[in-house]
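**Student:** Need coordinates for the below:
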Amino acid sequence: MLDKLYTKTYLDFMEHIDGIDNGITVAEGDLRYKVQTHLPGRVATLNPAWNEDDSADALNERFSRALAMVSAEFVDFVSYLRQSWWPARQLVAEGFQARATVHPSGKVLHLTTYCPWQDHLFELEQDAGVPGQVLYVLYADSKGTSVRIHAVPDKVGSFALRLALPEAWRGLRDEVLGAAVGGIPGCIFVHANGFIGGNATLEGAMKMVNLALA
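**Tutor:** Predicted structure coming up:
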C-alpha cells in the first residue's frame, strides 16, 4: 500500500510542481489555454506585488500562509488516497476477477458500488496481461436506484473511449431510448458523447451492454 500511495502522490500531486519548477511544459507546441490555479500558481499569488510591502516581516508572514496552504493540501490529498482511493482497489480487484461471470468475453466489469476505479482497472489489466480488455464498467448510481454503464477511456482521464455506447442511442432518454434499443425496459439515458448511460436494473443494463458489444 505504501508503495502505491507514494507513487500516486508523486504522479498526481508532486510531479507538476517539479515540472513547473524546472521549466518543463505540460505539452509540446502552443497550449490552448493557461492554467494558473495550480498549487505553484496559488503559492505565487502570495508573493508581494511590486507596490506592496516586501520587508522581511511581510515576507515571513506570507511564507507562513503559503506553508499552511501547501501543508493542508498535501495532507488532504494523502488522506484521500488512504481513506478513499486505496480501499477502492479491493472492490475493483474483486470485480476484475469475476468479470467472466458477468460477461464471457471478460469485457464487462461489475462493481457492487461506485468507487474510483480507473487507476486500479488499468493497473490490474496490465498485471494480468490483458491491457485494454474491459470496455464497460457497471455500478449503482449514487442513490442506489439505477445502474450506470460507463465506457472505459483509452487511458486515465482521456475523453477517447475504447468503445463508446452506440451512436444511435446518444442523447436519448426514457421511452425514446427504450425504443432505440429494441424495447429493453428501464432505459434512463445515454449521454450525448456516449461515455455513460443508465438503466433502472442490472439486468436492463446488461442487455444494453450486450447490444453495444454485438
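
**Student:** hey, let's count contacts and neighbours off CA atoms from now on
**Tutor:** Fine.

**Student:** ok, the spatially most distant residue from the centre of the chain to residue 48 distance?
**Tutor:** Residue farthest from the centre of the chain, counting by CA atoms, centre = their mean, is residue 55 at 44.0 Å. Using CA to CA, to the nearest Å, we find residue 55 at a distance of 10 Å from residue 48.

**Student:** pLDDT wise, what is residue 207 at?
**Tutor:** For residue 207, the pLDDT comes out at 96.

**Student:** how close does the closest residue to it other than its chain neighbours sit to residue 24?
**Tutor:** Excluding the flanking residues, the one nearest residue 207 by CA to CA, 6 or more residues apart in numbering is residue 184, at 7.2 Å. Plainly put, residue 184 is 51 Å away from residue 24 if you go by CA to CA.

**Student:** out of the two, which sits in the more crowded spot?
**Tutor:** Neighbours per residue, other CA atoms under 10 Å: of residue 184 and residue 24, the larger number sits with residue 184, 17 against 12.

**Student:** doesn't residue 204 make contact with residue 185?
**Tutor:** Yes - Residue 185 lies in contact with residue 204 (CA atoms under 8 Å); the separation is 6.4 Å.

**Student:** all strands for the chain, in order.
**Tutor:** Taking DSSP state E, the strands of the chain run over residues 108-110, 136-140, 147-151, 187-190, 196-199.

**Student:** which one of these lies closest to residue 82?
**Tutor:** strand 136-140 (21.9 Å; CA to CA).

**Student:** Mind giving me the packing neighbours of that closest one?
**Tutor:** Contact here means 3 or more CA pairs under 8 Å, 6 or more residues apart in numbering; DSSP states H and E; on that basis strand 136-140 packs against strand 108-110, strand 147-151.
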